[in-house]
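>>> Below are the sequence and a predicted model for it; my questions follow.
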Amino acid sequence: MMTKHIQLSFTVLAIFSIFVLGVVGNEYKCSEVLFRKRKCDYQECGLMCVLKRQGLSSCTKQGRFFICSCQYQCP
């Protein structure tokens, strides 16, 4: 009896997670590199992304440089 309840809960959680990831994952499809620097200023990156594209910013390290990229909804 307890095993069926746990299995049902896990199944509902898995279906809900797949649905949420599918909806949220499709929200921002386009991306643009805003700048490459030796040090990433998260506030500057976020501000530029909001002003330029009204999207979500992220700083990632690639080699010796940090890349500020902006993910936004495609027009």
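Arrived safely.

>>> Do a quick rundown of the strands in this protein.
Per DSSP state E, the chain carries strands over the ranges 30-37, 56-62, 65-72.

>>> So which residues make contact with the first one?
Spelled out, that is strand 30-37. 45, 48-49, 52-53, 57, 62, 65-74 (Cβ atoms under 8 Å, 6 or more residues apart in numbering). Quick note: C-beta positions are derived from backbone N, CA and C, even for glycine.

>>> Narrow the residues you listed to those that are buried.
Burial by neighbour count, judged by 16 or more other Cβ atoms under 10 Å, picks out 45, 48-49, 53, 57, 66-72 from these.

>>> Tell me which two in the residues you listed are the farthest apart.
Between any two of the buried ones among the contacts of strand 30-37, the greatest separation by Cβ to Cβ is 19.5 Å, found for 66 and 72.

>>> what pLDDT, on average, does stretch 52-66 get?
Mean pLDDT, stretch 52-66: 85.
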